[in-house]
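Undergrad: Just need the structure, nothing else, for what follows:
(2 chains)
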Amino acid sequence: MWRREFDDLLNGIAGAFLFGIPLLYTMEVWDIGSDLTPLHMLLYLGLTYIALVALNRATGFRRNSDETWSRSLADSIEALALGALVACFSLIVLRRVSFDLAYDVILGKVILETMPCAIGVGMANGLLRREDDDEAQVEQQSFWHATLVDAGGTMLGATVVGLSIAPTDEVGVIAASLPPWWLWLIMAASLLISYVIVFQAEFGDHQQRKQDRGLFQSPLSETIASYIISLVFALVTLRVFNQIDASTSLAQIIDYTIVLGLPATVGGAAGRLAV
Amino acid sequence: MKKRQARTTAEWVSLIISILLLSCLVGMIGWLWATEGDEPAQFSLAMGEVRQVGEQFYLEITVRNDGDQAAAAVEIVGSLDDQQSNVTLDLLPGHAEQNATLIFSSDPKQAELAVVGYSEP
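TA: Numbering: from 1, shown residues only, chains lettered A, B, ... in the order given. As a prediction, the model looks like this:
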């Protein structure tokens, strides 16, 4: 019972990251968030709640939830709270929120980022849970074929997300505000988020661990392999957009790559789900 | 489709925690609302450390907005004898502070600092 609940909550969290990450890397959202009035904050929370109730009628984040109204209303409360947690966590990890800021600035940013994250929770089933009908096609893929398909999906997803974030200023702004040791935190968060998504999508509750899945066989090795691929593609997209070039210092290259690696690895996980 | 299930204890626990979290959030907004003022931006400046780099002196300053409203393009001018240095902050929300640095070519201990203008964001 506890396992299942934990599983459902993780599913919601995975959805929040998948949907919310692009807006977490948007400066305009931080700026607008720092200037919200309390009235708008309440209004946005209320609107998000209404959207969530509608979403929960359709998909939601729980497995096997019977669709009674009371259940939808309660699930939406949880989705909103999960969204707020994810927004808060991400803003802290990206150093957009720290405790020397004014309370209304912190609250405004958190609430504005809660909107996409909570919507992501509400769509988690749609984003993550595949129907069981793809079991048939999994049967006997060779080791290398399976590895290639997953690696290709990761590259695709990491590139798509990388392309949309690399040319913007956010990477530089975030990187500039971090002390070096903070990068470890971002790496840890990237791995953790990627693990949650992978685990939810491929292994949660589904008893059949697919066989012969190549290098991407266990959640742990899949997470690490996909993180490395995502870092490489983060680096490539940064180079493509001239964010780094031959004259850039090594420290800055590392900074930028790791900061972009977080959304890239989330994109990579999404890419693997798509293929 | 499963048959109708009663909510499990685990679901109740997460629901209750969620309600607590959200009430905290809503409570904080309420508190903000109650204490919210409508003072326009007003600034105070503090000098920090000076460090010398070659021939130049870098003066760290802290700009604080004591008003309730945010200010954009906050321009700070430091004057010392006949020199002037200036810096512009993109955005300074109400009750927030930000650090900046002014650069002079002689020791700025005696420099005069002033915020000379801002725009509404």
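
Undergrad: buried set for whichever strand or helix holds A:L127?
TA: Element membership for A:L127, per DSSP states H and E: helix A:124-128. For helix A:124-128, burial by neighbour count (16 or more other C-beta atoms under 10 Å in any protein chain shown) applies to A:124-125, A:127-128. From N, CA and C alone the C-beta is placed, and that goes for glycine too.

Undergrad: Mind giving me the packing neighbours of the helix or strand where A:L73 lies?
TA: Counting by DSSP H and E, the element that carries A:L73 is helix A:69-93. Judged by 3 or more C-beta pairs under 8 Å, 6 or more residues apart in numbering or on different chains; DSSP states H and E, helix A:69-93 is in contact with helix A:2-24, helix A:38-58, helix A:103-122, helix A:182-198, helix B:9-35.

Undergrad: Can you tell me which of those is most buried?
TA: For the helices and strands packed on helix A:69-93, average neighbour numbers computed from mean count of other C-beta atoms under 10 Å in any protein chain shown are highest in helix A:103-122, which has a mean of 26.

Undergrad: re the thing from before, what is the helix holding A:L127 packed up against?
TA: Here helix A:124-128 touches helix A:2-24, helix A:250-274, going by 3+ C-beta pairs under 8 Å, 6+ apart.

Undergrad: again, 7 Å this time
TA: Counting contacts by 3 or more C-beta pairs under 7 Å, 6 or more residues apart in numbering or on different chains; DSSP states H and E, helix A:124-128 packs against helix A:2-24.

Undergrad: hang on, the earlier thing: give me the residues contacting the helix holding A:L127.
TA: For helix A:124-128, contacts defined as C-beta atoms under 7 Å, 6 or more residues apart in numbering or on different chains pick out A:11-12, A:14-15, A:18-19, A:59-61, A:200-201, A:273.

Undergrad: So which of the residues you listed sits lowest on pLDDT?
TA: For those, the weakest pLDDT value sits at A:A201, with 67.

Undergrad: contacting residues around the closest residue to B:E11 other than its chain neighbours?
TA: Nearest non-adjacent residue to B:E11, counting by C-beta to C-beta, 6 or more residues apart in numbering or on different chains: A:E5, 5.9 Å away. Listed by C-beta under 7 Å, 6+ apart, the contact partners of A:E5 are B:8, B:10-11, B:14.

Undergrad: now, which of those residues sits nearest B:H95?
TA: B:H95 lies nearest to B:S14 out of the contacts of A:E5, by C-beta to C-beta, at 34.8 Å.
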